[in-house]
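# Quick one, fold the following:
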Amino acid sequence: MSTEQKPKTEQKNLAVGTVISKSELFIEKNQKIILIVIVAILVLVGGFFGYKKLILEPKEATASSEMFAAEQYFKNDDMDKALKGDGKHLGFLAIIDKYGNTQSGNLAHFYTGSAYLSKGEFQKAIEYLEDYKSKDVFLGNQAKAMIGDCYMELNKIDDAIKNYNKALDNPNDMTTPFVLFKLGLAYEIKKDNKKALESYKRIKTDFPASSEARDIEKYIVRIENL
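Numbering: from 1, shown residues only. From the prediction side, this is the model:
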């Protein structure tokens with residue numbers, strides 16, 4: 001090492017040593033506060049996992065069990081008992097109140113919105129369907145499409161179109177063709193034949209195997225001849 005490099009190295013080592021000394025001094029002076037912060041973090045982490053394991057998971061299991069009877073009533077088109085229960089088993093409304101922060105409680109919003117749509121109570125259906133949060137593409141799109149259906153029934157066509165378009169996110173063979181058809185009808189009511197035609201043609205080109213594609217040609221021809 002040259003004589004010029006040696007002073008620089010010594011200065012660097014001295015600077016590093018100073019930083020370390022200051023850090024040690026800071027820790028020494030504030031060790032109580034640091035210890036409190038560490039303990040607080042451990043308590044929070046432990047509390048979260050404890051809540052999840054001891055409270056949330058058992059609650060989820062109970063909610064799922066309670067859902068069974070309501071789901072059976074829903075499948076049998078007995079919407080009143082599905083919503084309000086039968087005196088022995090909870091309905092979807094009570095499940096939402098009691099288990100709203102569980103996955104089953106969230107799913108109950110979907111069922112409740114669907115039930116109110118079936119009963120013709122469209123505004124209530126919208127409220128519950130909008131509260132439903134799902135990562136499932138099929139159910140998520142279906143919920144948005146049903147909100148669109150409710151707005152169509154309420155003669156709020158612009159809101160219907162808005163929600164039908166939302167239901168086209170993450171296209172799939174099961175829901176997208178039917179939503180496109182509904183969207184086309186909504187655009188026709190708005191006298192927007194250009195966008196209606198685009199919706200119908202998309203069914204023909206993108207989903208030729210769908211049931212909606214079988215008769216879509218007559219809708220396309222009718223608009224083209226206007």
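# Next, work out how far apart the nearest residue to E224 once chain neighbours are set aside and L226 are.
Distances taken as C-beta to C-beta, 6 or more residues apart in numbering place L197 nearest to E224, at 7.0 Å, with adjacent residues excluded. C-beta here means a position set from N, CA and C on the backbone, and glycine is covered the same way. Computed as C-beta to C-beta, to the nearest Å, the L197 to L226 distance reads 9 Å.
# Neighbour count: those two, which is higher?
Between L197 and L226, L197 has the larger neighbour count (other C-beta atoms under 10 Å), namely 19 against 7.
# Which phi and psi values does the more buried one adopt?
Phi and psi for L197, reported as degrees, to the nearest 10, are phi -60, psi -40.
# For it, give me its contacts.
Contact analysis of L197 by C-beta atoms under 8 Å, 6 or more residues apart in numbering lists 184, 220, 223-224.
# Can I have the buried ones of the residues you listed as a ChimeraX selection?
Selecting the buried subset of these in ChimeraX, with 16 or more other C-beta atoms under 10 Å as the burial test, is done by:
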select :184,220,223
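# Closest to L107 out of the contacts of L197?
G184 (30.3 Å; C-beta to C-beta).
# So for L185, what's the nearest residue that isn't a sequence neighbour?
A196 (7.5 Å).
# For the one you found, give its distance to K135.
Relative to K135, and taking C-beta to C-beta, A196 is found at 31 Å.
# which one of these two has more residues nearby?
Counted by other C-beta under 10 Å, A196 and K135 do not tie: A196 has more neighbours, with 22 against 6.
# What pLDDT does the model give the more buried one?
A196 is assigned 97 on the pLDDT scale.
# quick one: contacts for it?
184-185, 187-188, 223.
# any weak-confidence spans in this structure?
Residue ranges of the chain with pLDDT under 70: 1-59, 61, 63.
# Could you chop it up by domain?
Here the domain parsing of the chain from automatic domain parsing is 8-119, 134-226.
# Mind checking what secondary structure M174 has?
coil (DSSP: H, G, I helix; E, B strand; the rest coil).
# Please report how far it lies from Y219.
21 Å.
# Which one's more surrounded, these two?
Each of M174 and Y219 has its neighbours counted (other C-beta under 10 Å); Y219 has more, 21 against 12.
# if I pick the more buried one, what's in contact with it?
184, 200.
# Does it lie in a helix or a strand, and which?
helix 216-224 (DSSP states H and E).
# Good, wrapping up.
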